[in-house]
Structures are given as C-alpha cells and as structure tokens.
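1. Predicted model, plus sequence, below.
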Amino acid sequence: MSLLSELKRRNVLKVGVAYLVAAWLLIQVAATVAPQLQLPEWVPRLITLLLMLGFPIALLVSWFLEHTPEGIKVETATAGNKRIVGISLALAAVALGWYLYAEREGGSEPPSAAAVPAAATKPRSDGGSERRSTASKSIAVLPFVNMSGDAEQEFFADGLSEEILNSLTRIDGMQVAGRTSSFQFKGKNEDLRGIGEKLGVASVLEGSVRRGKDAMRVTAQLIRVSDGIHVWSETYDREPDDTLAVQLDIAERVAGALDVVLDDAQRERMRLSGVKNVEAFIAYQKGRQLYSDAHDPTRSDNLIQTLREAGVHFARATALEPDFAAAYYLGTDLYSHIVMTSEASADERAAAMASARRDLALAARHANDEPTRLLVEADAQLISNDWRGLADRLKAAVSAQGCRQSNWLLVVNAFGLAAERMAVAKDLIACDPLSGLPYLHGATSANWLGQPQAARDFATQAEAAMGGTGTISAQKVRALVALGRVDEAQGVVAGMPPATAERVIAELLIAAASGADVAGVAAQSRDGRHLGWNPGYWDITDLLAEALTGDRAAANRRAAEYDAEPGGALKIAVMLALCQCGVAFDLDAAPNFKARLAESGLAWPPPDLIAALRRERPPTP
C-alpha cells in the first residue's frame with residue numbers, strides 16, 4: 001500500500017488539516033489578546049512554537065494509534081512508520097529552528113523593502129539622524145471618523161486624532177508619521193498595506209467618534225498593516241469633555257501594544273502636551289484648516305485674508321487655553337506675511353511686528369519641549385531689531401528641528417547653513433513623506449549648495465509623493481538650467497500655472513540661460529500678474545530680474561525701501577533666501593540690515609547662484 005493511501009486510511013490527513021485550522025485560530029487569538037493584556041512580546045511566539053511542535057506529534061499519534069471497534073490499538077512497525085517518524089522529526093526541527101531565529105532577531109518581523117523609503121531617517125533627540133525602521137514601533141494616526149451626524153463635530157474628531165498623535169510623539173522609541181501625511185487619507189477607503197508603504201510605518205491607529213450633548217463614544221483600533229491583524233482595540237463611553245483622559249489612555253495602550261515601556265516622566269510629558277479645553281482644540285482645528293487653505297493657491301485666492309480668518313480661531317483657542325503654544329505660533333504667520341508684503345502700510349507692518357513679537361514670546365514660554373522652544377525663539381529673534389548671537393541661535397534651532405516645521409528657518413540657506421538645512425529636510429521627509437514643504441526645503445538647499453542633481457531629485461520625489469507645487473517646480477527648473485537641460489526645463493514651465501510669480505521666476509532663469517531678453521520677460525509679466533494670493537512673491541521676481549540684468553541701481557533702491565520698513569531686516573533676509581541670486585544690491589544701501597548682519601555672526605556674502613546665467617545675449621548671425 002502506498003504511503004498516501006496509508007495516510008488516508010489512518011486519518012492522518014484529516015487530523016493534520018483539523019489541527020492546522022485550530023492552531024491558526026489560536027495564533028490569531030494570541031496575537032490579539034497578548035498586547036491588550038500587555039504580555040511580553042515572546043508570549044505569542046512561544047504559543048506559535050508549541051503549536052508548531054504539536055503538529056508533528058499529532059501526526060505521529062494519528063499514525064500509530066488506530067481507532068477500531070475493539071478500541072484504540074497501536075500499529076505494528078512498518079517501513080511506513082519510519083518514514084512518518086522522519087517527516088515528523090523534520091517538521092519539529094523546522095519549528096524549533098524558526099523559533100531560535102526569531103529570538104535572535106528580536107522577535108520583530110522584517111519590514112518589506114517597499115515599506116522603508118530609501119533615504120528615510122528618524123531624527124534623534126540630539127539632532128542627528130538614524131535609519132528609520134518599520135520594525136513594529138512605527139505608526140500613523142489616521143483621522144478618526146466623525147459618526148455624530150453633525151459636520152461641526154468633524155473638527156472635534158480631527159482634534160482628537162491630532163492630540164493622540166502628539167501624545168505618541170512624546171514617547172521615546174515611537175516613530176510617528178506626521179499629521180500632514182496621515183491626514184492625506186481622510187475620507188479615503190485605501191488599503192492599509194498601501195498606507196503603510198506610503199508612510200513607512202508598520203501599524204496604523206484608526207477609529208471613530210460619536211459626540212453628543214451628554215455622551216461621547218470613542219472607538220480606536222491598532223492594526224498591523226502587513227497582515228491586517230487588529231493588535232489592540234477599545235471603546236470608550238465617556239462624558240463629552242473627558243477628552244484628555246481618553247487620548248492619553250489610547251496613547252498609553254498603543255505604546256503597550258507595541259511593546260514600548262512608559263516611565264512616569266514620559267507620562268507626564270504626554271499629560272502636559274495635551275490640550276485640556278475641548279472647545280480650544282476644536283477652535284485650533286478650524287484655524288489650522290484655514291491656515292492650510294491659505295498656503296494653497298488652489299484653495300485660497302488671498303493668503304493674508306485667509307490667514308486673518310484662521311487667526312480668529314487661533315485667538316479663541318488661546319483665550320480658552322492660555323498656554324496653547326501651537327495656536328500662538330501658527331497665528332504669527334499672518335503677522336509675518338503682513339510684514340513681508342509691500343501692499344501693507346507702514347502702520348500695519350508696525351502693528352504686525354508688535355503682535356508677532358507678543359505671540360512668539362508666548363509660544364516660546366509655553367512650548368512643550370526644548371527643540372520647539374528653540375525654533376520659536378529663532379523666529380522671534382529674526383523678526384526683532386536685535387540679532388546679537390543670531391548665528392548660534394539659528395544653528396541650535398536647525399540642529400534641534402527634527403520633525404517640527406518652522407516659519408522662517410528657511411533664511412539659513414543664505415547664511416552658510418544650507419548643508420544642515422538639507423539634512424533636516426531629509427529627516428522631515430521621513431517623518432512627513434506626503435507633505436510638500438520638506439521636499440521644497442531639500443530642493444532649495446541643494447540648489448544653494450550647487451548640487452542641482454540633488455535638487456532635481458527632491459523635486460521629482462515631491463511629484464511622485466504628492467504631485468508637486470509651483471514653488472517646487474520653480475526649484476526643479478533652476479536645477480535643470482544649472483544642469484544645462486534647458487529644453488527639459490521649458491517642459492516643466494509649460495505645466496506651471498500661468499501668471500504666477502513661481503512661473504515668472506522659472507521663465508526668467510530660462511531666458512537668462514538661453515540668452516533671451518530677461519528684461520522683456522520681467523516687463524511682460526507685470527502686465528498680467530495675479531496679485532491676490534501672495535503679493536510678496538512678486539518682490540522676489542523683481543529682485544531676481546534686477547540681479548539677472550545687473551541693474552544694481554534698481555536693486556539698491558529696492559533694498560533701501562525694504563530696509564526702512566518695520567521688519568525690513570527680516571524681509572531682506574527672506575528675499576535673499578528665496579531669490580537665490582547672491583547680493584544684487586550694495587550693502588550700504590540697507591544700513592539697518594547691515595547693522596543687524598554685523599552683530600549676528602552670520603556668514604556673508606551668500607553665494608552668487610546666477611553668475612553663470614548673467615551674460616549678454618549672443619550676437620545675431
């Protein structure tokens with residue numbers, strides 16, 4: 001009789017199939033229950049090992065013990081017995097070998113290559129970088145779904161999601177995807193494995209919120225993206241304003257499920273970082289939505305006006321919770337843009353300067369951690385009339401930035417810190433891979449460093465990740481022109497929105513590189529300018545045109561005008577950083593900026609990135 005026939009006769013195959021089904025169910029239960037009970041990570045693996053070792057035993061028992069009408073009998077020795085024993089021993093050896101290998105590797109399942117971006121890095125607390133891993137402790141918090149039937153509660157659901165995210169970022173050992181990237185999936189029914197690959201995380205936290213006048217229900221579940229297993233889940237039925245306790249408990253349970261041990265200091269950091277007033281974080285979410293809309297010309301036709309609307313909500317948030325540092329900080333962006341635009345009067349700019357200094361001081365005072373405080377203080381000094389020690393402050397802020405965004409740290413490119421800024425951009429991309437700003441910072445810094453290929457790569461990554469933007473396209477054009485690929489640069493320009501400052505900047509660079517009439521391109525752009533969204537960008541366009549044509553007298557007049565305005569030193573620094581055109585004016589034309597520069601310790605002058613482009617039109621044949 002063949003071995004297969006004998007296996008069927010003795011019901012070995014039936015026993016094997018039944019055993020595998022039962023074992024699979026037990027393994028799934030163990031993987032789900034162990035994190036909820038905060039059992040050690042090796043417990044589910046040990047259960048899996050025992051079940052694997054039990055499989056060959058079950059096969060042996062079913063082979064040697066035969067159920068007959070007279071009862072269970074032991075089969076006599078045959079050649080088939082030897083074969084089944086050998087197979088069973090081999091299976092047991094494989095199970096034991098797997099367990100020993102898993103223990104040596106730390107018990108973490110290896111991430112797929114697609115889940116880890118090639119250049120992904122995770123900022124360390126000392127400001128450096130380490131390879132970012134998705135080996136079990138990386139997570140994205142997706143926006144919780146509003147189940148309340150009230151559109152107004154959408155902001156509450158978003159606020160709860162963001163507060164949980166913020167709590168998780170306070171835990172040592174956790175790697176948390178940034179809000180901008182995580183919120184890209186709001187309202188989308190996308191496969192979790194795809195989300196994990198795009199964000200470079202091993203787990204996602206998702207949930208729902210139903211909030212009424214007298215009760216609130218929050219449901220949260222932690223899901224492993226590699227196989228869709230629910231690692232942890234919980235439902236909270238609480239009072240409507242008991243939000244802080246819920247978010248802290250969710251963050252702590254998630255950390256436990258991912259085998260991250262919390263100490264009292266980390267719990268205290270989480271508690272202090274949480275927003276205690278529910279209405280305050282709802283107001284903040286409303287302001288943040290408008291803040292995002294303001295910086296997107298496809299959703300706002302007037303940046304400053306939309307920021308004014310956002311500011312109303314930020315002011316309400318800080319009135320309800322006076323130590324709300326993030327609300328103070330985002331609110332200052334309005335004042336910075338007023339200072340930067342020539343459309344505002346001197347009185348408006350002076351009032352904006354005073355408001356910015358007040359709110360930046362409050363944001364620094366209430367900052368939840370030292371790196372955030374350093375970033376805020378750097379902005380505060382840039383907008384002041386005292387730049388003593390500014391170079392050291394900017395270096396410290398860049399080193400500590402990590403995954404945090406800032407308003408005006410971009411100026412460091414013009415003052416010898418472009419390499420540090422590009423390293424930070426790589427960290428930001430790892431933290432927030434679907435946000436456009438990190439790619440823009442990387443491309444801009446690379447162009448400042450004279451690395452056009454790296455700048456082009458940053459821009460190409462941005463297009464692949466989130467479609468790119470006008471400012472990123474302008475940096476790509478600059479890189480292509482520097483690489484001598486003018487035809488390709490012209491193709492990029494053709495796809496940019498017309499009558500925008502970013503497109504005119506790109507057209508000016510191509511005109512200079514191809515020997516066309518730069519002054520004519522600049523003059524033609526003035527007739528069709530779209531001034532509504534952000535008029536300040538056109539100042540950069542004009543300064544670039546003056547640099548390319550060598551019109552130093554016009555550049556000197558421009559610099560003197562800026563220098564005399566409230567916040568003029570900051571405006572000149574930002575113009576230089578964004579123009580990337582060296583120093584188109586004489587420093588003596590801007591005495592206030594010159595004085596601030598002398599006391600700052602900043603490197604000067606910035607490199608002239610357009611020297612190779614500034615040349616005469618070739619003679620006509």
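-> Yep, that arrived.
2. going forward, measure contacts between C-alpha atoms and count neighbours the same way
-> OK.
3. now G601, nearest residue through space, not along the chain?
-> Take G601 and drop its neighbours on the chain: the residue closest to it by Cα to Cα, 6 or more residues apart in numbering is A391, 5.3 Å away.
4. Can you tell me how far G536 is from T500?
-> 12 Å (Cα to Cα, to the nearest Å).
5. Same question for Q453.
-> Note on Q453: its distance to T500, by Cα to Cα, is 25 Å.
6. more crowded one of the two?
-> The neighbour comparison of Q453 against T500 (other Cα atoms under 10 Å) goes to T500, with 21 against 17.
7. and the residue nearest to G601, how many neighbours?
-> Neighbours of A391 (other Cα under 10 Å): 21.
8. Just the pLDDT for it.
-> Per-residue confidence (pLDDT) for A391: 96.
9. now do G520
-> Reading off the model, G520 has pLDDT 91.
10. same check, this time on the one 5 residues further on
-> We note a pLDDT of 81 for S525 in this prediction.
11. Then S129?
-> On the pLDDT scale, S129 gets 35.
12. What of G149?
-> Taking G149 on its own, its pLDDT is 81.
13. any idea how far A283 is from it?
-> From G149 to A283 the distance is 19 Å (Cα to Cα).
14. Looking at the two, which one has more neighbours?
-> A283 (23 against 11).
15. ok, the residue nearest the centre of the chain - contacts?
-> Of all residues in the chain, the one closest to the mean position by Cα atoms, centre = their mean is D432, 1.5 Å from it. By Cα atoms under 8 Å, 6 or more residues apart in numbering, the residues touching D432 are 177-181, 199, 403, 438.
16. which among these end up buried?
-> 177-179, 181, 199, 403, 438 (16 or more other Cα atoms under 10 Å).
17. what's the helix or strand the residue nearest to G601 falls within packed up against?
-> According to DSSP states H and E, A391 maps onto helix 390-400. Packing partners of helix 390-400 (3 or more Cα pairs under 8 Å, 6 or more residues apart in numbering; DSSP states H and E): helix 370-382, helix 418-431.
18. so which of those gets nearest R253?
-> helix 418-431 (22.2 Å; Cα to Cα).
19. secondary structure element for the closest residue to M422 other than its chain neighbours?
-> Nearest residue to M422, sequence neighbours excluded (Cα to Cα, 6+ apart): G442, at 4.9 Å. According to DSSP H and E, G442 maps onto helix 436-448.
20. so what are the domain limits for this structure?
-> 3-104, 113-274, 421-621 (automatic domain parsing).
21. can you tell me which of those the model trusts least?
-> domain 3-104 - the lowest mean pLDDT of those, at a mean of 66.
22. circling back: now the helix holding A391 against helix 418-431, angle please.
-> Note on geometry: by axes from the mean of the first three to the mean of the last three Cα atoms, to 10 degrees, helix 390-400 and helix 418-431 are set 30 degrees apart in direction.
23. Dump helix 390-400 to CSV, restricted to CA.
-> Output of helix 390-400 as CSV, limited to C-alpha atoms (Å, rounded to 0.1, in the frame of the first residue of the first chain):
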residue,chain,number,x,y,z
LEU,A,390,21.5,85.0,15.9
ALA,A,391,24.0,82.7,14.1
ASP,A,392,24.3,80.5,17.2
ARG,A,393,20.6,80.5,17.8
LEU,A,394,19.8,79.5,14.2
LYS,A,395,22.4,76.7,14.3
ALA,A,396,20.9,75.4,17.5
ALA,A,397,17.4,75.6,16.0
VAL,A,398,18.4,73.7,12.9
SER,A,399,20.1,71.0,14.9
ALA,A,400,17.1,70.5,17.1
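24. any idea of the angle that helix forms with helix 370-382?
-> Using the same axes, to 10 degrees: helix 390-400 against helix 370-382 is 150 degrees.
25. May I see the buried residues of helix 390-400?
-> Neighbour count says helix 390-400 has 390-391, 393-400 buried, by 16+ other Cα under 10 Å.
26. Then stretch 329-349?
-> Buried-residue list, stretch 329-349, by 16+ other Cα under 10 Å: 329-342, 349.
27. Can you tell me the element D457 falls in?
-> helix 452-466.
28. As TSV, the helices and strands packed on helix 390-400 with mean neighbour count and distance to D527 would be great.
-> TSV is the format used below for the helices and strands packed on helix 390-400 (neighbours: other Cα atoms under 10 Å; distance: least, Cα to Cα, whole Å):
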stretch	mean neighbour count	distance to D527
helix 370-382	22	34
helix 418-431	25	35
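29. Export those helices as CSV, with columns for distance to W448.
-> Listed next are the helices and strands packed on helix 390-400 as CSV, based on distance: least, Cα to Cα, whole Å:
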stretch, distance to W448
helix 370-382, 20
helix 418-431, 7
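30. Could you point out which of those sits nearest K594?
-> helix 370-382 (14.0 Å).
31. Same list (the domains of the chain) but as CSV, adding distance to L374.
-> Compiled in CSV, the domains of the chain are given as follows (distance: least, Cα to Cα, whole Å):
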stretch, distance to L374
domain 3-104, 37
domain 113-274, 12
domain 421-621, 15
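32. From the chain's centroid, how far away is stretch 137-147?
-> 14 Å (Cα atoms, centre = their mean, to the nearest Å).
33. For A326, give me its contacts.
-> Here A326 is in contact with 363, 367 (criterion: Cα under 8 Å, 6+ apart).
34. quick one: the closest residue in space to T48 that isn't next to it in sequence from I223, how far?
-> Take T48 and drop its neighbours on the chain: the residue closest to it by Cα to Cα, 6+ apart is I27, 6.1 Å away. Relative to I223, I27 is positioned 16 Å away (Cα to Cα).
35. between these two, who's got more neighbours?
-> Applying other Cα under 10 Å to I27 and I223 shows that I223 carries more neighbours, namely 21 against 17.
36. give me the beta-bridge partners of the more buried one?
-> Assessed by DSSP bridges, I223 has beta-bridge partners V204, H230.
37. Strands along the protein, start to end?
-> 65-68, 71-74, 121-123, 129-131, 138-141, 145-146, 175-176, 203-211, 216-224, 230-238 (DSSP state E).
38. distance of I510 from A584?
-> Taken as Cα to Cα, the span from I510 to A584 is 19 Å.
39. do the same with L248
-> 53 Å.
40. before we move on, the earlier item: number of nearby residues for the residue nearest to M422?
-> So G442, with other Cα under 10 Å, has 30 neighbours.
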